[in-house]
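1. structure for this input, please:
(one chain, ligands or ions: 2)
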Amino acid sequence: VKGFLQLIRESSLERNKVERYIDICEDEIQRTEGILSEYLSISKPMTEKREPTDLYLQLQVVLDVMRPYANMNNVNLDLDKAEEPIQIFANPDKIKQVLINFIKNAIEACSNVPNAKVTLRLEVAARKALLTIKDNGIGMSEEQVNRLGSIYFSNKTKGTGLGLTFSYQAIHESGGTVSVSSKPQFGTQFIITLPVLNC
Ligand SMILES: Nc1ncnc2c1ncn2[C@@H]1O[C@H](COP(=O)(O)OP(=O)(O)OP(=O)(O)O)[C@@H](O)[C@H]1O
Ligand SMILES: [Mg+2]
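-> Ligands and ions are numbered 1, 2, ... in the order given. From the prediction side, this is the model:
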């Protein structure tokens, strides 16, 4: 937006070019508004509403929100494969927060490794949505893996250890499961399953 505003100010452009640049600026500001309101709704207290929710759509929204965080940490955040749409029965706000928690952890786990990469896959198998979150970060010992999801378990100086406690709870509430495999220095893979509403 800044760049286009400069162009509009500086040069003696034709009217239709100016119009096009203004259109681009408006679109980008609208997108920023959307992302900001996503951020704000995330920090609001959550209601207990559960409704048909498109997991693919929620993942796209979360990826938009998390991409700047990944860039800031020099982490490549990629959606490798995705089936769409995938209807599940859940609280969309909670699902978004769950996705943010896992992706944020994955980014943080590889913020200091070369060629840092967080890869996501979303697919459907046996009436279940399968979301894989894979990182090539610091990984975890067996002891750490066993403590995942227990309240206040954190290895971070600024961590609350609530992210996964909340997430595990929300996933179980929706009839889902979480499995994890991890190796110190190599990375971690989480697989979340959630029952799909209708195939
Ligand atoms: N992808 C991962 N790779 C390595 N360790 C992880 C990963 N995900 C979670 N962990 C470990 O599990 C711990 C608990 O995660 P959780 O999200 O519950 O809390 P946190 O990230 O420490 O704090 P917060 O979520 O409040 O920022 C983390 O501190 C980290 O040690
Ligand atoms: Mg966390």
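2. switch to C-alpha atoms for all contacts and neighbour counts from now on
-> Will do.
3. which strands or helices does the longest helix anywhere in the chain pack on?
-> As assigned by DSSP state H, the longest helix anywhere in the chain is helix 15-43. Applying 3 or more C-alpha pairs under 8 Å, 6 or more residues apart in numbering; DSSP states H and E, one finds that helix 15-43 makes contact with helix 2-10, helix 55-72, helix 92-109.
4. tell me which residues of it are tucked away?
-> Buried residues in helix 15-43, counting neighbours by 16 or more other C-alpha atoms under 10 Å, are found at 18, 21, 22, 25, 35, 38.
5. for stretch 192-199, same thing?
-> Of the residues in stretch 192-199, those buried under the neighbour-count criterion (16+ other C-alpha under 10 Å) are 192, 193, 194, 195, 196, 197.
6. what sits up against it?
-> Counting contacts by C-alpha atoms under 8 Å, 6 or more residues apart in numbering, the residues outside stretch 192-199 that touch it are 52, 86-89, 127-132, 171, 174-179.
7. please repeat the previous calculation with a cut-off of 10 Å.
-> By C-alpha atoms under 10 Å, 6 or more residues apart in numbering, the surrounding residues in contact with stretch 192-199 are 52-55, 86-90, 99, 102, 122-133, 168, 171-172, 174-180.
8. for this protein, which residues are neighbours of ligand 1?
-> When proximity is defined by C-alpha under 6 Å from any ligand atom, the chain lies next to ligand 1 at 101, 105-106, 109, 138-140, 148, 153-156, 159-165, 188.
9. save the helices and strands packed on helix 15-43 as CSV, and put in distance to residue 29 too.
-> Putting the helices and strands packed on helix 15-43 into CSV (distance: least, C-alpha to C-alpha, whole Å) gives the following:
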stretch, distance to residue 29
helix 2-10, 11
helix 55-72, 14
helix 92-109, 22
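10. ranking those by burial, who's on top?
-> With neighbours defined as mean count of other C-alpha atoms under 10 Å, the helices and strands packed on helix 15-43 peak in mean count at helix 92-109, which reaches a mean of 21.
11. from the middle of its chain, how far away would it be?
-> Between the mean C-alpha point of helix 92-109 and the mean C-alpha point of its chain there is a distance of 5 Å (C-alpha atoms, centre = their mean, to the nearest Å).
12. list the helices and strands that helix packs on?
-> The elements that helix 92-109 packs onto, with contact taken as 3 or more C-alpha pairs under 10 Å, 6 or more residues apart in numbering; DSSP states H and E, are helix 15-43, strand 51-54, helix 55-72, strand 76-82, strand 117-125, strand 128-135, helix 163-173, strand 187-195.
13. mean pLDDT for those - can I get that in a markdown table?
-> Formatted as a markdown table, the helices and strands packed on helix 92-109 follow (pLDDT from 0 to 100):
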| stretch | mean pLDDT |
| --- | --- |
| helix 15-43 | 81 |
| strand 51-54 | 95 |
| helix 55-72 | 90 |
| strand 76-82 | 93 |
| strand 117-125 | 97 |
| strand 128-135 | 97 |
| helix 163-173 | 92 |
| strand 187-195 | 98 |
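14. good, wrapping up.
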